[in-house]
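please find the sequence and the predicted model below.
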Amino acid sequence: MSASDEERNSRPEPDGRAPSALPAPHIPDLAAAKRLQAILSSPSYRKADEDIHFLTSAQARGPRLELEYLKAELLLRRHGVTDTIVVFGSTRIVEPTLAESRLAESQARATANPEDATLARRLALAKRARENSRYYQIAREFGGLVGAARESGDWPRLAIVTGGGPGIMEAANRGAFEAGAETVGLNITLPHEQLPNSYVTPSLCLRFRYFALRKMHFMLRARALVAFPGGFGTFDELFETLTLVQTGKVKPIPIILVGENYWRRAFDVDFLVDEGVIDAQDRQLFRYAETAPDIWAEIRRWGERKEDLLFE
């Protein structure tokens, strides 16, 4: 081997491996090879769809929005999910056995420290959680009714959709899962990461970056909205849906509020009418229900009246 051959074989390749030859026949020397290596390893040389720094930059927000819409759209189409019942509710409402266990623990701590105001407050909340755990059972039963309707072939395109998290969302997904039906979860990335519940169909559990795109996919196929007691997140989704229907941006759909006592205390629709900020007819945008069969019956009745809007 000549000296020139040895020199060529000792030069590094652009990817850092020891080369057996120059990167290209026209590279005359080691300095040129190093310059080429710098070019090939520069972020500017990466293909746009492989450049994670570019894709996550503020300037690439537009493409990210489009991709987030498209991925979910194609996936739901592939699974034949065209009609959905969206279920919202608190992440903090747990199944009765867990609520009982937490109550017993809080009771023991409060009894051992009767002067501790913080423990007394936690005990009061634990009692409310036990009472509210009935909503977990209702959501689970309702998910089962919808799942059974899908599996029986009556409405094969119908699916339960939730935010994919714990609490009421878990209960609704769980009921559909126990009925043998596919069930959808639209989870979202949060600063304090929220894992999806285990009852969502794995191939139908999506994770979103943007609330806006997640909300769009909640509504695109919605044939009904069922809102259980919840906090800011539940209110956000509920009132946005009411606004879309009120303003005619979407066709009317059945909006069912589960737990009349809770919702009448949570917001006073009659007060809004009396203040003139909504019309009296806006009271008719939603209905109350107390049990899973009540919810399902109301949705079915709506379908009979509005055949073009439900279970097409």
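Thanks, I have it. Numbers count the residues shown, from 1 in each chain.

going by C-alpha atoms from here, please, whenever you check contacts or count neighbours.
Fine.

contact partners for Pro43?
Asp51 (Cα atoms under 8 Å, 6 or more residues apart in numbering).

from Leu36, how far out is it?
With distances taken as Cα to Cα, to the nearest Å, Pro43 is found 14 Å from Leu36.

check Gly276 too.
71 Å.

who's more crowded, those two?
Leu36 (17 against 10; other Cα atoms under 10 Å).

all helices for the stretch 101-250 of the chain, in order.
117-151, 168-178, 211-220, 232-246 (DSSP state H, counting those that start in this stretch).

now the third one: average pLDDT?
Regarding helix 211-220, the rounded mean pLDDT is 95.

that helix: how far from the chain's middle?
Here helix 211-220 is found 9 Å from its chain centre; the criterion is Cα atoms, centre = their mean, to the nearest Å.

got the buried residues for that helix?
213-215, 217-219 (16 or more other Cα atoms under 10 Å).

tell me who's in contact with Gln107.
Leu123.

redo that, cut-off 10 Å
The neighbourhood of Gln107, defined by Cα atoms under 10 Å, 6 or more residues apart in numbering, consists of 101, 113, 119-120, 122-124, 126-127.

what's the answer for Tyr288, then?
So Tyr288 contacts 226-227, 255-261, 263-264, 294-295, 298 (Cα under 10 Å, 6+ apart).

show me what the mean pLDDT comes to for the helix or strand harbouring it.
Remark: Tyr288 resides in strand 287-289, with elements defined by DSSP states H and E. For strand 287-289, the mean pLDDT works out to 96.

and stretch 35-42, by the same measure?
88.

Ser133 against Val94, yeah?
Yes: shown here, Ser133 and Val94 form a contact pair, counting by Cα atoms under 10 Å, at 5.6 Å.

any common contacting residues for these two?
In contact with both Ser133 and Val94: 100, 167-168, using Cα under 10 Å, 6+ apart.

out of the residues you listed, which end up buried?
100, 167-168.

ok, those vs Glu240, which is closest?
Closest approach to Glu240 among those (Cα to Cα): Ile168, at 19.1 Å.

flag the shaky bits of this structure, pLDDT-wise.
1-28, 193, 303-312 (pLDDT under 70).

can you select the buried ones from the contacts of Tyr288 in ChimeraX?
Remark: buried members of those, expressed as a ChimeraX selection using 16+ other Cα under 10 Å:
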select :226,227,255,256,257,258,259,260,263,295,298
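
so of the contacts of Tyr288, which ones are in helices?
Per DSSP state H, helices hold the following members of these: 260-261, 263-264, 294-295, 298.

from those, which is closest to Lys249?
Nearest to Lys249, judged by Cα to Cα, of the ones in helices among the contacts of Tyr288 is Glu298 at 22.8 Å.

any idea how far Pro196 is from that closest one?
Glu298 is 29 Å from Pro196, by Cα to Cα.

quick one: the ones in helices among the contacts of Tyr288 as CSV, columns for distance to Asp83 too.
Below are the ones in helices among the contacts of Tyr288 laid out as CSV (distance: Cα to Cα, whole Å):
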residue, distance to Asp83
Glu260, 26
Asn261, 30
Trp263, 26
Arg264, 29
Asp294, 20
Ile295, 17
Glu298, 17
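
got the CA coordinates for stretch 63-75 in CSV?
Extracted as CSV, the C-alpha positions of stretch 63-75 are listed here (Å, rounded to 0.1, in the frame of the first residue of the first chain):
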residue,chain,number,x,y,z
PRO,A,63,-47.3,22.2,10.5
ARG,A,64,-47.6,20.7,14.0
LEU,A,65,-51.2,21.8,14.1
GLU,A,66,-51.9,20.2,10.8
LEU,A,67,-50.1,17.0,11.6
GLU,A,68,-52.0,16.7,15.0
TYR,A,69,-55.3,17.0,13.1
LEU,A,70,-54.3,14.6,10.4
LYS,A,71,-52.9,11.8,12.5
ALA,A,72,-56.1,11.6,14.6
GLU,A,73,-58.4,12.0,11.6
LEU,A,74,-56.7,9.1,9.7
LEU,A,75,-56.6,6.8,12.7
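
what residues sit buried inside it?
Neighbour count says stretch 63-75 has 64, 68-69, 72 buried, by 16+ other Cα under 10 Å.

sorry, back to before: I'd like the distance from the strand holding Tyr288 to the chain centre, please.
Worked out by Cα atoms, centre = their mean, strand 287-289 lies 24 Å from the chain centre.

what lines up beside it in the sheet?
strand 255-258 (parallel) (DSSP bridges).

which other residues reach the strand it pairs with?
Contacts for strand 255-258 (Cα under 10 Å, 6+ apart): 86-89, 135, 138-139, 223-229, 238, 241-242, 245, 263-264, 284-292, 294-296, 298-299.

can you go through those residues and name the buried ones?
86-89, 135, 138-139, 223-229, 238, 241-242, 245, 263, 285, 288-292, 295-296, 298-299.

redo the shared contacts of Ser133 and Val94 as a markdown table? Include distance to Gly233.
Below are the shared contacts of Ser133 and Val94 laid out as a markdown table (distance: Cα to Cα, whole Å):
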| residue | distance to Gly233 |
| --- | --- |
| Glu100 | 25 |
| Gly167 | 13 |
| Ile168 | 12 |
